[in-house]
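Undergrad: Fold the following and give me the result.
(one chain, ligands or ions: 1)
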Amino acid sequence: MKLNRQWQLARTPTQGYPVEEDFGFQEIAAPSPGDGQLLAKTLYLSLDPYQWGRRRNGTEKPGDVCHGRTVSQVIESRHEGYREGDILFNTNGWQEYGLTGRNISSFDYMTPRKLDRDLAPVSTALGVLGMLGLTAYAGSYLQCKPQAGETFVVSAASGGVGQIAGQIAKIVGCRVVGIAGKQEKCQFLVNTLGFDAAVSHLSDSFEEDLKMACPDGVDIYFENVGGKTFQSLLSIFNKNARISLCGLVSQYGNMDGKNPHDVWREMGQSTFDKKKMHVYSLFVGNYVADYQQRFLSEMGQWVSAGLVKYKEDLWPGLENAPTAFAAMLEGKNFGKTLVSVHDDPTLTDNIRNQRANVNVLA
Ligand code: NDP
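TA: This next block holds a predicted model:
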């Protein structure tokens with residue numbers, strides 16, 4: 001009998017950010033696939049801020065296996081489309097083994113798909129060539145339609161979504177300014193990703209630094225964090241500026257019962273009106289059906305050509321998932337947060353070189 005280690009939600013969280021007591025570790029028998037199903041072992045688990053929203057708002061219930069998108073390898077298949085050994089993008093959740101296929105209820109608008117191990121490192125299906133990349137592409141490229149010479153600002157700029165959004169604007173020819181926490185992250189944005197400037201929101205002179213970095217004002221803002229960062233931008237938006245409202249990660253720990261999006265709009269509304277600004281709410285699920293293929297083709301070419309680089313924050317071992325999750329929400333991650341659950345059999349030397357920016361954590 002194969003044992004399946006998994007994390008379940010132990011309680012509906014009441015704390016601002018995740019703590020150990022929110023999660024329970026279980027060891028149970030791995031399931032067997034029924035007709036039209038496959039059993040896959042998790043190679044990489046994606047940790048994303050939206051998962052905290054699901055746990056706090058009761059979508060995920062105590063006793064549920066924690067939700068999470070994964071890259072997995074098929075170990076047993078009764079599904080006509082997959083064979084043992086195939087690598088796929090799926091939604092195993094925070095566990096070692098999971099079922100995919102017919103009659104499995106799983107929240108996901110990105111359906112399982114087989115991955116081509118020769119195209120790119122398979123972990124990219126959870127980052128630059130996955131939901132995060134599509135989010136960045138939809139918000140920066142499709143919604144805000146950046147033009148050469150415009151000033152494009154992105155917050156949480158070294159994170160999974162932010163680093164890609166900024167690089168897309170750079171390809172188009174914008175002046176790109178990234179907002180991040182630690183100096184190490186700011187240096188990475190300028191020195192490795194080629195942003196024009198980076199500003200730390202931890203600095204006492206944050207507002208002045210931001211103004212200095214945007215001498216011609218701000219034409220486009222890709223919003224990932226909200227709060228103080230957003231407030232500091234209000235006075236430097238240009239007339240007709242565009243915002244893609246992607247996320248408000250600085251507000252996810254608030255327990256005041258207010259809807260962060262309502263608070264954000266109240267804060268900005270008079271500026272939006274006065275400057276005739278356009279605010280686009282972003283939900284990546286709305287772009288999957290019409291744009292996923294175009295995105296994969298275009299982003300695939302940018303990544304292969306080295307025009308878009310990416311950084312992953314890789315935590316070893318499923319047991320570290322709650323710690324890594326809290327670290328990501330608190331800004332201690334550096335790049336797209338992933339947990340390596342089982343060894344990746346596709347890792348050749350060539351692929352290892354392509355993943356030179358992986359930050360492997362102890
Ligand atoms: P990240 O990898 O960017 O991790 C979160 C980052 O947020 C941290 O690394 C930290 O960076 C920053 N941060 C945390 N707290 C604060 C704070 N108080 N002030 C400023 N920055 C803070 O996460 P993702 O790339 O996965 O997600 C980015 C955003 O995109 C999130 O808001 C998420 O909800 C959203 N999202 C939205 C989607 C949609 O459909 N609309 C789909 C997917 C993601 P630093 O150390 O630099 O401060």
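
Undergrad: Residue 173 reaches residue 149, doesn't it?
TA: Yes - here residue 173 reaches residue 149: they are 6.6 Å apart, a contact under CB atoms under 8 Å. Heads up, the C-betas are built off the backbone N, CA and C, glycines and all.

Undergrad: And the next helix or strand past whichever helix in the chain runs longest?
TA: As assigned by DSSP state H, the longest helix anywhere in the chain is helix 288-304. Secondary structure here is assigned by DSSP states H and E; on that basis, the next helix or strand after helix 288-304 toward the C-terminus is strand 312-316.

Undergrad: can you pull the buried residues of that next one?
TA: 312, 313, 314, 315 (16 or more other CB atoms under 10 Å).

Undergrad: Stretch 55-69 now?
TA: Buried residues in stretch 55-69, counted by 16+ other CB under 10 Å: 55, 56, 60, 65, 66, 67, 68, 69.

Undergrad: do the same with stretch 251-265
TA: By neighbour count, with 16+ other CB under 10 Å as the criterion, the buried positions of stretch 251-265 are 251, 252, 260, 263, 264.

Undergrad: Contact partners for whichever residue of the stretch 51-200 of the chain sits closest to the ligand?
TA: Here the stretch 51-200 of the chain gets closest to the ligand at one residue, residue 159, 1.8 Å apart by CB to the nearest ligand atom. Counting by CB atoms under 8 Å, 6 or more residues apart in numbering, residue 159 touches 224, 333, 335, 336.

Undergrad: For burial, what's the neighbour tally of the residue nearest to the third one when sequence neighbours are not counted?
TA: Leaving out its chain neighbours, the residue that sits closest to residue 335 by CB to CB, 6 or more residues apart in numbering is residue 311, at 3.2 Å. By other CB atoms under 10 Å, 24 other residues sit near residue 311.

Undergrad: Now do residue 311 against residue 229, distance only.
TA: From residue 311 across to residue 229, the span is 21 Å (CB to CB, to the nearest Å).

Undergrad: coming back round to it: could you export the buried residues of stretch 251-265 as TSV, including secondary structure, pLDDT and distance to residue 209?
TA: Shown next, in TSV, are the buried residues of stretch 251-265 (DSSP: H, G, I helix; E, B strand; the rest coil; pLDDT from 0 to 100; distance: CB to CB, whole Å):
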residue	secondary structure	pLDDT	distance to residue 209
251	helix	86	22
252	coil	79	25
260	helix	90	25
263	helix	94	25
264	helix	96	22
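
Undergrad: Just give me the closest of these to residue 239.
TA: Minimum distance to residue 239 across those is 20.7 Å, recorded for residue 264 (CB to CB).

Undergrad: quick one: that closest one and residue 229 touch, right?
TA: No - in terms of CB under 8 Å, residue 264 does not count as a neighbour of residue 229; the distance is 10.9 Å.

Undergrad: List, one by one, the residues from this structure near the ligand.
TA: 48-50, 132, 135, 156, 158-162, 180-181, 185, 201, 224-225, 227, 229, 246-250, 282-284, 328, 331, 333, 337 (CB under 6 Å from any ligand atom).

Undergrad: same thing but at 5 Å, please
TA: 48-49, 135, 156, 159-161, 180-181, 224-225, 246-247, 249-250, 282-284, 331, 333 (CB under 5 Å from any ligand atom).

Undergrad: Are any of the residues you listed buried, and if so which?
TA: Among those, those scoring as buried are 48-49, 135, 156, 159-161, 180-181, 224-225, 246-247, 249-250, 282, 284, 331, 333 (criterion: 16+ other CB under 10 Å).

Undergrad: Can you tell me which of the residues you listed end up in strands?
TA: Cross-referencing these with the strands (criterion: DSSP state E) gives residue 180 as the overlap.

Undergrad: And the closest residue in space to residue 234 that isn't next to it in sequence, its phi and psi?
TA: Sequence neighbours aside, residue 271 is the residue nearest to residue 234 in space, at 4.7 Å (criterion: CB to CB, 6+ apart). Main-chain dihedrals, residue 271, degrees, to the nearest 10: phi -70, psi -40.

Undergrad: For residue 271, list the residues it contacts.
TA: Going by CB under 8 Å, 6+ apart, residue 271 touches 234, 237, 277.

Undergrad: Just the buried subset of those residues, please.
TA: Among the contacts of residue 271, the ones that count as buried by 16+ other CB under 10 Å are 237, 277.

Undergrad: Kindly indicate which of the contacts of residue 271 lies nearest the ligand.
TA: Proximity of the contacts of residue 271 to the ligand, judged by CB to the nearest ligand atom, is greatest for residue 234, which lies at 15.8 Å.

Undergrad: Just confirm the closest one is within a helix.
TA: Yes - counting by DSSP: H, G, I helix; E, B strand; the rest coil, residue 234 falls inside a helix.
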